[in-house]
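Engineer: Need a 3D model of the following:
(chains A, B and C)
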Amino acid sequence: MEYAGTQMQPVLELRGISKSFGSIKANNNVDLELRRGEILALLGENGSGKTTLMNMVAGIYFPDEGQILINGEEVVIRSPKDAFDHKIGMIHQHFKLVDLFSAAENIVLGVNDGSKYNIKNVNERVRELCDRYGFNIDPKEKIHEMSVSQKQTVEILKVLYRGADILILDEPTAVLTPQETAKLFDVLRRMKADGKSIIIITHKLHEVLSISDRVAVLRKGEHIATVNTAESTESSLTEMMVGKKISLNIDRPEPKDTVWRLTVSHLSGLNEEGLPVLNDVTFSANGGEILGIAGIAGSGQRELLEAIAGIYNPDSGEILYNDPKTGETVNLRKKTPLQIRELGVRLSFVPEDRLGMGLVGSMDITDNVMLRSYRNGPLNLLDRGTPRQLAQDIVDDLSVVTPNLRTPVSRLSGGNVQKILVGREIASAPSLLMAAYPVRGLDINSSYAIYNLLNEQKSHGVAVLFVGEDLDVLLALSDRLLVLNSGRVAGIVDPRCATKEEVGFLMTKSHDEGSDSADDGTEGGAL
Amino acid sequence: MKFLDFLLNALAIGITFLYGSTGEIITEKAGHLNLGIPGIMGVGAACGCAALNVLCSTGTVPPALIVILGILAALAGGALMGLLYSFLAVTLRSNQNVTGLAMTIFGIGLTKFVFNRIQQTSVDGVKYLIAKKYFRFPFAWSTTSLQYLGVMVFLGIAVAIVSSIILSRTRVGLHLRAVGESPATADAAGINVTRYKYVATIIGSAIAALGGLFYVMDYSGSPEAYLSVEAMGWLSVALVIFSLWRPYLSIIGSFAFGALFILGSFLPSFGLSVDVATSNLVKTLPYVVTIIVLIITSIRNRRENQPPASLGVSYFREDR
Amino acid sequence: MAATTKHSGAVKEPLIHITRRSSMAPWKGILIRAAAVVIAFLLSSVLAYLLIGADPANFLKKFFEGIFGVNAMSANLRLWKLAKDTAILLLIGLALTPAFRMRFWNIGAEGQVLISALAAVAVVIYLGDKIPKEYNWLLLLLMLVASLIAGVIWAVIPAIFKALWNANETLFTLMMNYVATYFVAYCLVKWTPDGSSVLGELPKGHLPELGNSYVLLILVTLASTVFMFVYLYYSQPGYEISVVGESQRTARYIGVNVKKVIVRTMVLSGVLCGLAGFMMVAALDHSVTVTSVGGRGFTAIIVAWLAKFNPFIMILTALLLAFLNQGAGQIATKFGVSFAFPNVVIGIVLFFVIGCEFFIRYKLHFRKRTPAADADNGKGGASL
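Structural biologist: Numbering: from 1, shown residues only, chains lettered A, B, ... in the order given. Modelled structure (predicted):
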């Protein structure tokens, strides 16, 4: 390795960085150092503060406390431009590219180096960069004609074009296939050999082990440790990442009279980019129990629930629903939400995107409660009486803090918004209740209120599907816990005896160990 | 000969639309659907003609200066309207459609008011039309349709070509297109979105204003021409769609629009007997053709032929 | 993506910081809007002084004379005219409202109303002689049906292309206006034997007058206002319009067919435009010209927008615009200036009313200027 033994001066050093958003502490007194010419993996669960920390280095956020040192000197980074001036470039998860522009046009956008603008020269320089690092990008190709991995390459080129020495990649592999990932890693190694220092944010352990020199682990906003990758194993890293099991005071009444309610079998489908997002998913859910669903973000949770609700249309498989009243079984796949409703399926769905899908922000509480039942009025008119009463009941029962029922929901706090959404979905007396991240962004009390509601539904014989991110909660609340990993069912465990490490391992292990070691990466493609 | 006459006429009237659409394209590239273009073209005509009316009545100003000052006055009128639009739509983040329509109501009202005043105050006839012969340099002497090819015709084509080059070949053009496509991306890349929006809208409005001056004072050369400047403005907006937001296509498009626009009145001279009624029907052609272009581009859904992605949307950084 | 931070010391923060307001007391909003109208009005009087030498007191006097007349008789006449103009504007505005609530920018009311008026006239011209006088109601019914069909056709074509291929509706409906205008010009030449295009008053197909020719129009408009209010706020299709306008994702989540709602809503828009066109012919003009609608299709957009698409508030905004038009029209007459002068006044008032929305939607936070902020100003990125 080039860096070894040359100089130990870190190229980037963070000292005591803290950052809060409102009452939530995203980072607490974090120390971190990046050495010249190394690849440092920043590892942690969702919400552990990895992206926030790196955003402070990239000039998106400004730290509340702490110092940032570049080559031993303290610097102030207030904007992405400042970061560029210090030769720091970050590749974000959400690409900032103009779709209609060519790769080169995007790369040169905003760069004003005083030279005369000539796209041919830019194309040439981009080609040089491509040759140097082994990218396979046509500078003249339009972004909207590119695959996700090519777009990511353009983002990397953007940073390199501006002369960055420190590259930060935020979960770059989340959108890539294993082959593309292997190629990306090749490129990263080449950049390392070229003297660049790289931080890669990830929560995939096998990737950490295959690419990084050292690993820094964050948990709940705090820096746990930085270790040499060579001395680490998947289990040692998992333990640092998830920590010891915390016992939460969440009730888990014993399920009684469980009956079969839903079977999803061999469900597969692609996302908008044409990549597989559900892969042969098979499981069953029963009335009277809570089936927890764990997985790192983007493992197919959203598509799974939307498929059952009729919003997302998978390519193959079956979704069999057993009506508790009639005992009949129907296949819900290829049915629209309205058709599902008309079949008499009492399905409720608390989507992840509360104000973008579950509720209409500008409408008041009553009208939002009415979203599910507005067709019940006489003569195509709206009957607001019943929804208003229901809205009042939800506000009273769930202690929603609101001036009145006429308040637009967008003006309520996150917890109150969620109570209205969950309250409405529960009110239709569902036989199947799906909830995606129902406590995200909620404070402790609101979270417990939601847990109690889910337990109450369970005791009424409802089949509850609960998608969560906090493993402690999932293990404490669920009767069975399904683990999704890259669109596949990695396993269904008994949460009463499973450990966080086991679940974490199922969430992050790779299916095809062979793909990691594909170091040669000579196939065609973007990277 | 008749046919050449037709072509020259089509070219000349087309220049009206060319100014209007080039101005509107530049504005739309910054993400602004400016429905105030008809009003802006009217105000351009009003400012230009008001200035010319004064310049021509003294009889001491050299012709070249008259042409230059007339053009500058129209530019200034258009720029002021563009500034007003930018202030409302960019700084105050008003709804662009409503702002644009208000601009047209105001602008056309002001235009008619100003021309009415000019006519009322000039006892021995309006003076600004004297300038027509200066503007038609170098072919003012001609008795054929060649006379229409004056300085503003060449200026219009030059402006369209230069705009095209700036938009596609320069850093400023790249940045402007980025602002119209994705202001958030442009902002993140360190481009001053607000400044680009203002400058593009003001320049675009100033260019469009020249179309009004050209049409009222030069091409028509009739004291009543100001009454139809609004229709010319809407045709210019249509031409933007027709030329797929590209100024160089707009040069060809303006010629095609000009041809379609005057086709009805030229059909008899081609030996085709058409009544007045049919010539009205022929006048729908530019709009019908534009609708067809709009439909085809929507169905084909090629990204290159669509309006700028953020067209009509106010940009507020904190909304992200 | 500049970081706005609360770091002590040298921090780049703009002099004025703008944030979105979450709410504002209704009375404050009304006060701001009223202030905008008053300021604009005062500015107009100053402008009138500068342009036409009308001193402000006389300006105001003449302005209000335009509305309330100089004596009882002219007052009667002018107030009825005001009511009529308000009603027409309101009726067209109502037609646009459902589309706007769906975020469908229908700026084609001008053409939709004009083509409907043409359809009504066409029925009289082609069937007027064939239907006996005592069957006037049948003729009127046929006129109404023809108007509605024409309005719907003109409105639904852009809607279909929007629903199926997402064709830009603003530009599409705009183009349809001019196709309608020249089509009317075509028909007028065809229908006038001398080719003068002046149709004159049609002898048949008049709606009965209740007191005067305006009353029925006003009643129809009021009924439409109530209907539209109920439709938008108390009916299931109206509710679906709001959901689709706010979030198509939510609409799909609750099983709403978005394409169907777009087309259905534009059919309704077309029906009301058809009604407006029919009323203009059968109750008021008994004729049609290329300028029959006279820009009211565009003004109605502003009527609807200013009222936040609430039908009852639209009564006020329509009244405001009709009021300005009539008052400023009187100024134009009295001072012998162009009849376009009212549009200048209306334009100025609109700029203020449109601009003042900013102060209702956003909040300004002023910050004291610091040397650090000044020092930072020179360091812009790429810029013009």
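
Engineer: going forward, measure contacts and count neighbours with C-alpha atoms only.
Structural biologist: Will do.

Engineer: Could you check how many residues crowd around the closest residue to chain C within the stretch 101-250 of chain B?
Structural biologist: Nearest to chain C, among the residues of the stretch 101-250 of chain B, is residue B:106, at 4.2 Å (C-alpha to the nearest C-alpha). When neighbours are counted by other C-alpha atoms under 10 Å in any protein chain shown, residue B:106 registers 28.

Engineer: Please report the distance of it from chain A.
Structural biologist: From residue B:106 across to chain A, the span is 33 Å (C-alpha to the nearest C-alpha, to the nearest Å).

Engineer: Show me what the host helix or strand of that residue is packed against.
Structural biologist: Element membership of residue B:106 [criterion: DSSP states H and E] is helix B:96-121. Judged by 3 or more C-alpha pairs under 8 Å, 6 or more residues apart in numbering or on different chains; DSSP states H and E, helix B:96-121 is in contact with helix B:37-58, helix B:63-86, helix C:296-306, helix C:341-361.

Engineer: Can you name the next helix or strand after the shortest one?
Structural biologist: Next along the chain after helix C:296-306, taking DSSP H and E as the criterion, comes helix C:311-334.

Engineer: ok, back up a step: using JSON lines, please lay out the helices and strands packed on helix B:96-121 together with mean pLDDT.
Structural biologist: Output for the helices and strands packed on helix B:96-121, formatted as JSON lines (pLDDT from 0 to 100):
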{"stretch": "helix B:37-58", "mean pLDDT": "93"}
{"stretch": "helix B:63-86", "mean pLDDT": "95"}
{"stretch": "helix C:296-306", "mean pLDDT": "93"}
{"stretch": "helix C:341-361", "mean pLDDT": "91"}
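
Engineer: one step back: same question for the helix holding residue B:106, mean pLDDT?
Structural biologist: Mean pLDDT, computed over helix B:96-121, is 92.

Engineer: That helix versus helix C:341-361: what angle between them?
Structural biologist: For helix B:96-121 against helix C:341-361, the angle by axes from the mean of the first three to the mean of the last three C-alpha atoms, to 10 degrees is 150 degrees.

Engineer: Now render the helices and strands packed on helix B:96-121 as JSON lines, adding mean neighbour count and distance to chain A.
Structural biologist: Below are the helices and strands packed on helix B:96-121 laid out as JSON lines (neighbours: other C-alpha atoms under 10 Å in any protein chain shown; distance: least, C-alpha to the nearest C-alpha, whole Å):
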{"stretch": "helix B:37-58", "mean neighbour count": "28", "distance to chain A": "26"}
{"stretch": "helix B:63-86", "mean neighbour count": "22", "distance to chain A": "23"}
{"stretch": "helix C:296-306", "mean neighbour count": "26", "distance to chain A": "17"}
{"stretch": "helix C:341-361", "mean neighbour count": "22", "distance to chain A": "14"}
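
Engineer: So for residue A:215, which of those helices sits nearest?
Structural biologist: Across the helices and strands packed on helix B:96-121, residue A:215 has its closest neighbour in helix C:341-361 (47.2 Å, C-alpha to C-alpha).

Engineer: Could you list the residues in contact with that closest one?
Structural biologist: Residues outside helix C:341-361 that contact it (C-alpha atoms under 8 Å, 6 or more residues apart in numbering or on different chains) are B:88, B:92-94, B:98-99, B:102-103, B:105-110, B:112-113, C:20-24, C:29, C:32-33, C:36-37, C:39-41, C:44, C:306, C:321, C:324-329, C:332.

Engineer: coming back round to it: any chance of the helices and strands packed on helix B:96-121 in a markdown table with distance to residue A:441 as columns?
Structural biologist: A markdown table is the format used below for the helices and strands packed on helix B:96-121 (distance: least, C-alpha to C-alpha, whole Å):
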| stretch | distance to residue A:441 |
| --- | --- |
| helix B:37-58 | 47 |
| helix B:63-86 | 39 |
| helix C:296-306 | 36 |
| helix C:341-361 | 26 |
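
Engineer: Any idea which of the ones you listed gets closest to residue A:397?
Structural biologist: Among the helices and strands packed on helix B:96-121, helix C:341-361 sits nearest to residue A:397 (C-alpha to C-alpha), with 33.4 Å.

Engineer: Enumerate every residue touching residue A:444.
Structural biologist: So residue A:444 contacts nothing (C-alpha under 8 Å, 6+ apart).

Engineer: And residue A:370, by the same measure?
Structural biologist: Going by C-alpha under 8 Å, 6+ apart, residue A:370 touches A:384, A:387.

Engineer: Doesn't it belong to a helix?
Structural biologist: Yes - counting by DSSP: H, G, I helix; E, B strand; the rest coil, one finds residue A:370 located in a helix.

Engineer: Show me the shaky parts of the stretch 251-384 of chain C.
Structural biologist: Filtered on pLDDT under 70, the stretch 251-384 of chain C yields the residue ranges C:367-384.

Engineer: can the helix or strand where residue A:160 lies be found next to chain C?
Structural biologist: Element membership for residue A:160, per DSSP H and E: helix A:148-161. No - Helix A:148-161 stays clear of chain C (C-alpha under 8 Å from any C-alpha of the partner chain), getting no nearer than 15.6 Å.

Engineer: what does the helix or strand following that helix contact?
Structural biologist: Downstream of helix A:148-161, the first helix or strand assigned by DSSP H and E is strand A:166-170. Strand A:166-170 has contacts (C-alpha under 8 Å, 6+ apart) with A:51, A:54, A:87-93, A:159, A:196-202.

Engineer: and if we set it to 7 Å?
Structural biologist: Residues from elsewhere that reach strand A:166-170 (C-alpha atoms under 7 Å, 6 or more residues apart in numbering or on different chains): A:51, A:87-93, A:196-201.

Engineer: What pairs with that strand, parallel or antiparallel?
Structural biologist: strand A:88-91 (parallel), strand A:197-202 (parallel) (DSSP bridges).
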